[in-house]
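> My questions concern the predicted model and sequence given below.
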Amino acid sequence: MNKKILLSVFVLLLLAATSICIYIFDDYSHRNNIIFYGGTILTMDDKTPTVEAIFIKDGKIEALGNQDQIFKLKTSKTELINLDGKTLMPGFFDAHGHNDLSSFLYGMTDISGFNHKTPAAVWKVAAEKVKVTPSGEWIICKGFDPILTKGLHSPTIQFLDSLSPKNPLLLISQSLHSFYGNSLAFKKVGITNKTKDPTVSSYFEKDKDGNLTGLIAEQEAFEPFRVEILEVFKKSLAENATNVMFENAKAGVTSISTLGLSAANKNILMLYEHLSAGTSKPLYKFLELIGKLPERKPNVRHFIYLRYDAPKILIPESVNNGDDFYKILGFKYWYDGSPYIGSMYLKEPYLQSELTEKGFHLPEFHRGESLIKQEDLLSSFDFMQSKGFQIAIHAQGDNAIQEVVSVFEKLNKKYPIEKYRNRLEHCLLLPRELMPQMKKLNLTSSFHINHILYYGDALKNDILGESRSEKILPINSFVQQQQPFSLHSDQPMYQCIPLLLLNTAVNRTSESGTVLGKEEKISVQEGLKALTIYAAWQFHCEDKLGSFVKNKYADMVLLDKNPLLVNPDEIKNINVLQTFVAGKSIFLKK
């Protein structure tokens with residue numbers, strides 16, 4: 001009897017082990033066999049801009065051309081999809097995002113100027129959150145914005161203490177370059193008025209008596225707060241990351257990027273690799289089985305740039321890591337900050353206005369300054385490039401950009417850097433005279449184009465003045481120079497909506513309808529390339545993604561209208577109907 005029981009137990013254990021092994025070694029299939037026809041198919045390939053039909057097999061483009069030719073390839077296993085006059089094109093790239101921050105902020109209390117147009121509305125939402133939050137728990141509000149919310153002023157620590165006397169409270173600005181905390185928030189992370197500022201440009205602001213004002217400027221000073229609240233909210237990170245990726249897919253994005261991923265351990269990299277990689281790892285599937293990782297299914301691709309000061313445990317041994325779906329490409333730096341706090345580094349001072357003086361608290365003749373010394377930047381660049389990693393560096397102001405280019409020029413004298421396709425990020429005031437030098441160095445730019453839409457009026461009237469505002473974001477100059485560039489939303493600063501980026505790049509109008517830099521408008525075709533094949537080139541994957549060419553992956557977005565044919569002002573109203581990665585649907589509009 002005992003032997004029979006033992007045998008039964010053994011069989012059950014064997015069956016359980018077999019089931020677990022089957023589960024952890026199983027993965028979704030990349031197999032498919034589909035012909036799309038009956039609509040407009042934009043290829044983003046100059047040799048063949050449009051085709052009548054496209055044949056997808058096992059995740060890649062098997063053939064494309066006229067319908068009769070492609071239909072000859074179908075078999076009994078081929079699925080035929082009639083586009084019904086809709087437009088199919090390569091999937092969009094989110095060339096510069098912060099998906100870790102987006103996941104971290106997902107579901108937090110929104111006080112942004114997009115949704116709250118008066119100061120009273122902002123403080124009402126924050127107060128209501130305080131009322132329903134148990135004493136001692138963190139309260140995080142995102143999107144604080146004195147530009148979009150007219151009349152909103154930077155809060156004092158005393159005001160925040162009165163608003164939230166029993167909870168640590170933190171306000172995160174829309175620009176993600178300034179933060180405001182109450183006394184309990186500073187106490188929670190061990191910051192006092194005696195704490196040394198990380199750098200001259202990143203600091204805990206103090207008043208004339210040496211007391212904390214509540215302002216936390218730039219990323220280095222924010223780091224202890226980030227570490228603390230990341231620990232608090234880490235339980236929801238996996239679910240939030242999944243939601244953020246799906247939001248990207250809804251917008252037609254098939255490849256996302258995280259610029260400057262902040263992490264102290266490998267957990268978030270494991271999460272992202274599990275969600276996006278082309279094949280699963282048995283360990284990750286086991287963690288999925290026991291509920292430590294979310295369900296794996298076809299998802300957006302993910303390209304990552306670590307922070308330049310990332311812990312060694314996060315850094316891969318080689319740039320040849322990952323696969324076509326998930327990869328760590330390089331490192332992200334910050335040379336200056338934001339125009340909306342006064343940390344953008346300019347040649348000429350900020351405009352003197354009520355916003356800059358009372359909203360930003362900028363002294364007269366303020367120009368900002370660099371966050372890193374040039375010699376330190378050169379040394380770090382040298383080390384990263386010797387390992388083969390690409391560099392992406394945040395540079396908004398004209399002085400910042402000029403100094404960064406000069407550092408790359410010095411590095412180029414030591415050894416050629418053209419192969420890396422190093423990137424300048426945001427590039428608000430990129431000087432046109434630097435472009436030939438940038439092209440020689442193969443320095444490419446990713447433009448934060450919706451500065452124009454959301455903050456164009458403030459840049460013109462309150463921050464830079466009319467003359468400089470006419471020179472911002474010179475994307476057509478890149479077109480004329482035949483140099484690839486990309487467009488981005490800097491998510492979570494702005495929601496990732498590629499067609500809205502395209503709308504702004506083509507029209508260059510602010511929310512009030514003011515056109516900034518008319519000569520820098522680009523064609524719809526060039527804008528689409530910036531969101532597809534040019535961005536793919538920046539990520540060193542133009543041979544696999546970004547256009548419809550035989551043997552490339554079938555990453556696609558289906559639109560209800562052709563962007564090339566609608567009124568330019570209506571591009572933003574085009575709907576994304578379906579999104580595919582390697583021929584697999586990852587979003588379908590209901």
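Everything's here; your move.
> all contacts plus neighbour counts: C-alpha atoms, from now on.
Fine.
> And the most centrally placed residue in the chain, how far from Thr532?
For the chain, the residue nearest the mean C-alpha position is Gly97 (0.5 Å; CA atoms, centre = their mean). To Thr532, Gly97 is 15 Å away according to CA to CA, to the nearest Å.
> Ile574 too?
Taking CA to CA, one finds Ile574 at 17 Å from Thr532.
> Which of the two has more residues huddled nearby?
Set Ile574 next to Thr532 and count neighbours by other CA atoms under 10 Å: Thr532 wins out with 28 against 15.
> for the residue lying closest to that one once chain neighbours are set aside, what are its contacts?
Take Thr532 and drop its neighbours on the chain: the residue closest to it by CA to CA, 6 or more residues apart in numbering is Gly546, 4.6 Å away. By CA atoms under 8 Å, 6 or more residues apart in numbering, the residues touching Gly546 are 44, 90-92, 532-536, 555.
> Check Gly546 and give its pLDDT.
Per-residue pLDDT puts Gly546 at 98.
> how would you label it: helix, strand or coil?
coil (DSSP: H, G, I helix; E, B strand; the rest coil).
> Torsion angles phi and psi at it?
phi 100, psi -10 (degrees, to the nearest 10).
> mind checking how far it is from Glu425?
To Glu425, Gly546 is 20 Å away according to CA to CA.
> on that earlier part again, what spatial separation is found between the residue nearest to Thr532 and Pro339?
32 Å.
> next one: Val132
Applying CA to CA to Val132 and Pro339 gives a distance of 35 Å.
> between those two, which one's more packed in?
Taking other CA under 10 Å, Val132 and Pro339 do not tie; Pro339 has more neighbours (24 against 8).
> In a strand, Pro436, correct?
No. Assessed with three-state DSSP, Pro436 is helix; it does not lie in a strand.
> which residues does it contact?
Counting by CA under 8 Å, 6+ apart, Pro436 touches Gln481.
> try 6 Å this time
Contacts for Pro436 (CA atoms under 6 Å, 6 or more residues apart in numbering) come out as none.
> mind checking how far it is from Ile391?
Here the criterion is CA to CA. By it, Pro436 lies 19 Å from Ile391.
> Any stretches of this protein with poor pLDDT?
Along the chain, the parts satisfying pLDDT under 70 run over 1, 3-27.
> before we move on, back to that, just send the contacts of Gly546 back as JSON lines, with secondary structure too.
Formatted as JSON lines, the contacts of Gly546 follow (three-state DSSP):
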{"residue": "Met44", "secondary structure": "coil"}
{"residue": "Pro90", "secondary structure": "strand"}
{"residue": "Gly91", "secondary structure": "coil"}
{"residue": "Phe92", "secondary structure": "strand"}
{"residue": "Thr532", "secondary structure": "coil"}
{"residue": "Ile533", "secondary structure": "helix"}
{"residue": "Tyr534", "secondary structure": "helix"}
{"residue": "Ala535", "secondary structure": "helix"}
{"residue": "Ala536", "secondary structure": "helix"}
{"residue": "Asp555", "secondary structure": "coil"}
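> farthest pair in those?
Tyr534 and Asp555 (15.0 Å; CA to CA).
> Dihedrals phi and psi, the spatially closest residue to Asp207 that is not a sequence neighbour?
Nearest non-adjacent residue to Asp207, counting by CA to CA, 6+ apart: Thr213, 6.1 Å away. Thr213 has phi and psi values of phi -90, psi -20 when expressed as degrees, to the nearest 10.
> ok, Thr213 - contacts?
By CA under 6 Å, 6+ apart, the residues touching Thr213 are 156-157, 205-206.
> Would you mind measuring from Leu355 to Trp138?
Distance, Leu355 to Trp138, by CA to CA: 30 Å.
> What distance do you get for the residue nearest to Thr532 to Ala554?
Gly546 is 9 Å from Ala554, by CA to CA.
> same deal with Ile157?
53 Å.
> of these two, who's got more company?
Ala554 (30 against 19).
> right, and that one touches Ala582 too?
Yes. Using CA atoms under 6 Å, Ala554 makes contact with Ala582 at a distance of 4.5 Å.
> which residues are common contacts for the two?
Gly59.
> Tell me how many other residues crowd Thr514.
So Thr514, with other CA under 10 Å, has 15 neighbours.
> Got phi/psi on Ser178?
phi -140, psi 150.
> Tell me what it is bridged to.
Ala217 (DSSP bridges).
> For it, list the residues it contacts.
Ser178 touches 216-218, counting by CA under 6 Å, 6+ apart.
> Buried members of those into ChimeraX, please.
Applying 16 or more other CA atoms under 10 Å to these leaves a buried subset, and the ChimeraX line that selects it is:
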select :216,217,218
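> Pick the one among the contacts of Ser178 closest to Phe55.
Using CA to CA, those come closest to Phe55 at Glu218, 49.1 Å.
> from what I can see the closest one touches Val200, true?
No. Under the criterion of CA under 6 Å, Glu218 lies out of contact with Val200, with a separation of 10.4 Å.
> For Val253, which non-adjacent residue is spatially closest?
Phe92 (4.5 Å).
> how much space between the residue nearest to Thr532 and Ala582?
Counting by CA to CA, the gap from Gly546 to Ala582 is 12 Å.
> Same question for Ser446.
25 Å.
> cool, Asp543 as well?
14 Å.
> Have a look at these two and say which one is more surrounded.
Ala582 (28 against 14).
> looking at it, the more buried one is touching Asp555, isn't it?
Yes. The pair Ala582 / Asp555 is scored as a contact, 5.2 Å apart, by CA under 6 Å.
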